[in-house]
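S.K.: need a structure here:
(4 chains)
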2 protein chains.
Amino acid sequence: MPGKKVHTIADLVREFGVTARTIRFYEAEGMLTPERQGQQRLYHPRDRVRLTLILRGKRLGFTLAEIREIIDLYHADPGELGQLQYFLDKIQERRADLEQKRRDIELTLKELEEVDQTCRQRLSELAHAGSQEAAE
Amino acid sequence: MPGKKVHTIADLVREFGVTARTIRFYEAEGMLTPERQGQQRLYHPRDRVRLTLILRGKRLGFTLAEIREIIDLYHADPGELGQLQYFLDKIQERRADLEQKRRDIELTLKELEEVDQTCRQRLSELAHAGSQEAAE
DNA sequence: ATCATAGTTGACGTTTACGTAAACGGAAAC
DNA sequence: GTTTCCGTTTACGTAAACGTCAACTATGAT
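M.R.: The predicted structure is shown next:
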């Protein structure tokens, strides 16, 4: 299906697991720009890419405003030199943010792993105690 | 300062860069449990740890409800066997979630790195063109 | 005694990101 | 031809996570 040229809103609903309301909301926010055929919307690959980026950003806890900024970075017209430096700064901000998130994730994963170990150990202890009891 | 035994709310405001309103809100949500000395709140190391976890969770885009769940996993009483299996499942959920976030981060970082490269190249081109112009 | 400083307690306001319901349009199925 | 299905528009509703007063209280400094 993703190979198809254009998609209806229901296609996107199925593919991305979001509601039509959400998709239209993103359009109202200027983050999607489907073609119009009469009254209906037709979504092109470009829109699917953008929706992918939006949802990825959401999973990372970015606000729509931040996601918009990030997407804008992708399609930024090089423009003039001052703009370029501005973009590079923005990119650095985002990268720093993402690297912080990465550190947070590593920490949390490490801690959860410890808890997991403790649980499993306790579990095997209980199992052992259970078989002991059964043997008595 | 973090070595001190107890802290006032203003201490936490300074240390964590959040407002007192926020700290009290987290307490109202049952995520902090400061001691009371008369009317004032006194925050113990335990509260600082929890606040750290809360803010880390926020950076990762977890809701307070999710953060509460995660923190609960840390302090989960082993309890009985059924509970243990439940905890292990919960832990797996969280880990899967975090690993998804990690993949999202890697992707975004990679893409931003490309944009960064493109920008820097364009920048050097412009600089070169500029010196060319100056030479003409 | 009073003034400034720090903290507290409601209570209502605000933003973000949608949910939900009503009312309508077009086309396709029966 | 009229249900049925899919989509649209408009508009009000809502939950989460605080912000922002306003009106105290306690405490230490002057």
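S.K.: what bits of chain A have low per-residue confidence?
M.R.: Across chain A, the ranges flagged by pLDDT under 70 are A:1-3, A:130-136.
S.K.: who's in contact with residue A:71?
M.R.: A:31, A:50, A:53-54 (Cβ atoms under 8 Å, 6 or more residues apart in numbering or on different chains). The C-beta positions use only the backbone N, C-alpha and C, and glycine is treated the same way.
S.K.: how close does it get to residue B:86?
M.R.: 40 Å (Cβ to Cβ, to the nearest Å).
S.K.: outline the domain layout of chain A.
M.R.: A:1-60, A:76-136 (automatic domain parsing).
S.K.: middle-most residue in chain A, spatially?
M.R.: residue A:56 (1.6 Å; Cα atoms, centre = their mean).
S.K.: now for the residue of chain A found nearest chain B, how many residues are close by?
M.R.: Minimum separation of chain A from chain B (Cβ to the nearest Cβ) falls at residue A:61, amounting to 1.6 Å. When counting by other Cβ atoms under 10 Å in any protein chain shown, one arrives at 16 neighbours for residue A:61.
S.K.: circling back to that earlier point, for the residue nearest to the centre of chain A, give me its contacts.
M.R.: Under the contact definition (Cβ under 8 Å, 6+ apart), the residues listed for residue A:56 are B:104, B:107-108.
S.K.: repeat that for 6 Å
M.R.: By Cβ atoms under 6 Å, 6 or more residues apart in numbering or on different chains, the contact set of residue A:56 is residue B:104.
S.K.: host element of it?
M.R.: Here residue A:56 sits within helix A:45-59, counting by DSSP states H and E.
S.K.: near chain B at all, the longest helix along chain A?
M.R.: As assigned by DSSP state H, the longest helix anywhere in chain A is helix A:81-135. Yes - Helix A:81-135 comes into contact with chain B (Cβ under 6 Å from any Cβ of the partner chain), by way of A:81, A:84, A:87-88, A:91, A:94-95, A:98, A:101-102, A:104-105, A:108-109, A:112, A:115-116, A:119, A:122-123, A:126.
S.K.: name the nearest residue to residue A:61, sequence neighbours excluded.
M.R.: residue B:61 (1.6 Å; Cβ to Cβ, 6 or more residues apart in numbering or on different chains).
S.K.: among the domains of chain A, which is nearest residue B:42?
M.R.: Closest to residue B:42 of the domains of chain A, according to Cβ to Cβ: domain A:76-136, at 26.3 Å.
S.K.: which parts of stretch A:79-87 are buried?
M.R.: A:84, A:87 (16 or more other Cβ atoms under 10 Å in any protein chain shown).
S.K.: likewise for stretch A:63-72?
M.R.: Buried, per 16+ other Cβ under 10 Å, within stretch A:63-72: A:67-68, A:70-71.
S.K.: check stretch A:87-100 too.
M.R.: Buried residues in stretch A:87-100, counted by 16+ other Cβ under 10 Å: A:87-88, A:90-91, A:94, A:97-98.
S.K.: can you check stretch A:117-127 too?
M.R.: A:119, A:123.
S.K.: list the residues that contact the closest residue to residue A:20 other than its chain neighbours.
M.R.: Closest residue in space to residue A:20, ignoring its immediate chain neighbours: residue A:9 at 5.1 Å, by Cβ to Cβ, 6+ apart. Residue A:9 makes contact with A:20, A:23, A:41, according to Cβ under 6 Å, 6+ apart.
S.K.: and the gap between the nearest residue to residue A:4 once chain neighbours are set aside and DNA strand D?
M.R.: In this structure, residue A:4 finds its nearest non-sequential neighbour in residue A:11, 7.8 Å apart by Cβ to Cβ, 6+ apart. Distance, residue A:11 to DNA strand D, using Cβ to the nearest atom of the strand, to the nearest Å: 7 Å.
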